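Novice: Quick one: sequence and predicted model below, then my questions.
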Amino acid sequence: MWPLHRKPYTLLLTIVVLIIPLTFGTITPSDKKAKQKDPAGSPSFKKGPIAENVVERGLVTKSPSPFDIIYESSAYCKKTSERNVTRPVLGYVTPWNNHGYDVAKTFSNKFTMISPVWLQVKRKPAGTYYMAGTHDIDHEWVREVRKRGKRSGVKIVPRVLFDGWTSDDFYALFTSGTEPKELTKTLVTSLKAYKFDGVTLEVWSQLGGQARKALQMLVKLLGEALNKAGLTFILVIPPPLTNQGKPGMIEHEDLKAMYSSVDYFSIMTYDYSSPERPGANSPIKWIQKCIETLTPAKSDREKFLIGLNFYGYQYTSTGGHPIFGNEYLETLSKAKTIEWSEDVEEHFFEVKDKDGKRTIFYPTLMSIRRRIKLAEELGCGLAIWELGQGLDYFYDLL
């Protein structure tokens, strides 16, 4: 905690926050060991990546200061081609967060798969299908990511969402003898046409745990066709346990039925809390229970990608909402200290301002490192939602 009489620190924090760009990409914090100054006496920020990673800089700790997080968060190690995680890592990129595109290029070798959130599969009344969202495809970006990510052999596996579907649409798909094949053909043809390496399919949660047998059959059909076409198949699934420990929308038996048809399962092990039940984003004990519930056998977890949130949540007396990097850093500048919860293994802090009292849970280097370690112990990979929402120095840990 900083003494109240040290007003220059308060002024420096204000200056740092004011110059933080929206994309975090151009801020260049100086090393903790020697914060240099220019002739005018203002802080000098290093341009571009730096020599030491966050571990070497002593930043992975349970007791970071708000000042250090703000000052250091955009200074990542220049050795971006080195991977510290041996298992698969999937990173999501969205068109509404442009910094994610830059992160994917800069750290392309940290990932084995990148999933841009571009596409939606649509059903026509006649029972035919088409792919929407193709106008969002950035071909130049795809080429650049692949070029830079040659060392890891990164694959581009866009997310496909069953967007705007009604219960009648799903009923027609599940009961028709021809529509599943039409859907499969549309999916494979579109992926091939745009030269993608596979697909990240999100559909399970939309049905709220209903029609599981029908979904299993659809997944098997899609998996067979995608495998035959040489395409990677990732299925997004909800956590098997709620924040009250009750069964969720998917169970061990569902996984057993689909396991051989899917290359990876991207498990949404985040959003544990809510405005109605505020608290940690993703308690580490809950993550472990979710994975062990899906399968007790470590040998069967090689296809599991533990969902890792790079965003946080802030709560007030009237509700709550997600909080991302820039807003987080600005809010953190008002905090005197940041606390570590040993039970959930996450950091949080509280501030009081004109908006009242706010409690913020947001990932830190220590919370991320603990979850990476857990994934290794459980035999799982990682799936990060989403690139660009977090802080640039997070990627030193991957």
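Specialist: Sure thing, it's come through. Numbers count the residues shown, from 1 in each chain.
Novice: residue contacts, I234?
Specialist: Applying CB atoms under 8 Å, 6 or more residues apart in numbering to I234 gives the contacts 90, 113, 115, 157, 198-201, 262-266, 305. No exception for glycine: its C-beta is placed from N, CA and C like everyone else's.
Novice: What separation do you get for E72 and V54?
Specialist: E72 sits 8 Å away from V54 when distances are taken as CB to CB, to the nearest Å.
Novice: Give the intersection of the neighbour lists for those two.
Specialist: Between them, E72 and V54 share the neighbouring residues Y393, with contact defined by CB under 8 Å, 6+ apart.
Novice: and stretch 122-135, which residues are buried?
Specialist: The neighbour-count check on stretch 122-135 (16 or more other CB atoms under 10 Å) flags K122, R123, Y129, M131, G133 as buried.
Novice: OK, contacts around the last one?
Specialist: The neighbours of G133, taking CB under 8 Å, 6+ apart as the test, are W118, L119, Q120.
Novice: Output the residues you listed as TSV; include the columns distance to A214.
Specialist: As requested, these are exported to TSV (distance: CB to CB, whole Å):
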residue	distance to A214
W118	26
L119	22
Q120	20
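Novice: Considering those, which possesses the most neighbours?
Specialist: Neighbour counts for the contacts of G133 were taken using other CB atoms under 10 Å; the highest belongs to L119, which has 24 neighbours.
Novice: who does the longest strand seen in the chain pair up with?
Specialist: The strand of greatest length in the chain, counted in residues with DSSP state E as the criterion, is given as strand 113-123. Counting by DSSP bridges, the strands paired with strand 113-123 are strand 89-93 (parallel), strand 129-132 (antiparallel), strand 155-156 (parallel), strand 159-161 (parallel).
Novice: ranking those by burial, who's on top?
Specialist: Stretch with highest mean neighbour count among the strands paired with strand 113-123: strand 89-93 (a mean of 26; mean count of other CB atoms under 10 Å).
Novice: which stretches of the stretch 251-398 of the chain form helices?
Specialist: Listed in chain order, the helices of the stretch 251-398 of the chain (DSSP state H, counting those that start in this stretch) span residues 252-258, 284-294, 325-332, 365-378.
Novice: So, low pLDDT: which residues of this protein?
Specialist: Of all residues in the chain, those with pLDDT under 70 make up the ranges 1-48.
Novice: Export the helices of the stretch 251-398 of the chain as TSV, with columns for distance to F67 and mean neighbour count.
Specialist: Conversion of the helices of the stretch 251-398 of the chain to TSV gives the following (distance: least, CB to CB, whole Å; neighbours: other CB atoms under 10 Å):
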stretch	distance to F67	mean neighbour count
helix 252-258	45	17
helix 284-294	26	19
helix 325-332	9	20
helix 365-378	15	19
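Novice: so which of the ones you listed comes closest to C77?
Specialist: With CB to CB as the criterion, C77 lies closest to helix 365-378 of the helices of the stretch 251-398 of the chain, at 12.4 Å.
Novice: thinking again about what came up before, just send the helices of the stretch 251-398 of the chain back as JSON lines, with distance to S108 too.
Specialist: Putting the helices of the stretch 251-398 of the chain into JSON lines (distance: least, CB to CB, whole Å) gives the following:
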{"stretch": "helix 252-258", "distance to S108": "29"}
{"stretch": "helix 284-294", "distance to S108": "26"}
{"stretch": "helix 325-332", "distance to S108": "20"}
{"stretch": "helix 365-378", "distance to S108": "19"}
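Novice: Out of those, which gets nearest to N243?
Specialist: Taking CB to CB as the criterion, helix 284-294 is the member of those that comes nearest to N243, at 7.3 Å.
Novice: For that closest one, enumerate the helices and strands it packs against.
Specialist: Of the remaining helices and strands, those touching helix 284-294 by 3 or more CB pairs under 8 Å, 6 or more residues apart in numbering; DSSP states H and E are helix 252-258, strand 264-267, strand 304-309, helix 365-378.
Novice: Export those as JSON lines, with columns for distance to S65.
Specialist: Below are these laid out as JSON lines (distance: least, CB to CB, whole Å):
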{"stretch": "helix 252-258", "distance to S65": "43"}
{"stretch": "strand 264-267", "distance to S65": "33"}
{"stretch": "strand 304-309", "distance to S65": "23"}
{"stretch": "helix 365-378", "distance to S65": "13"}
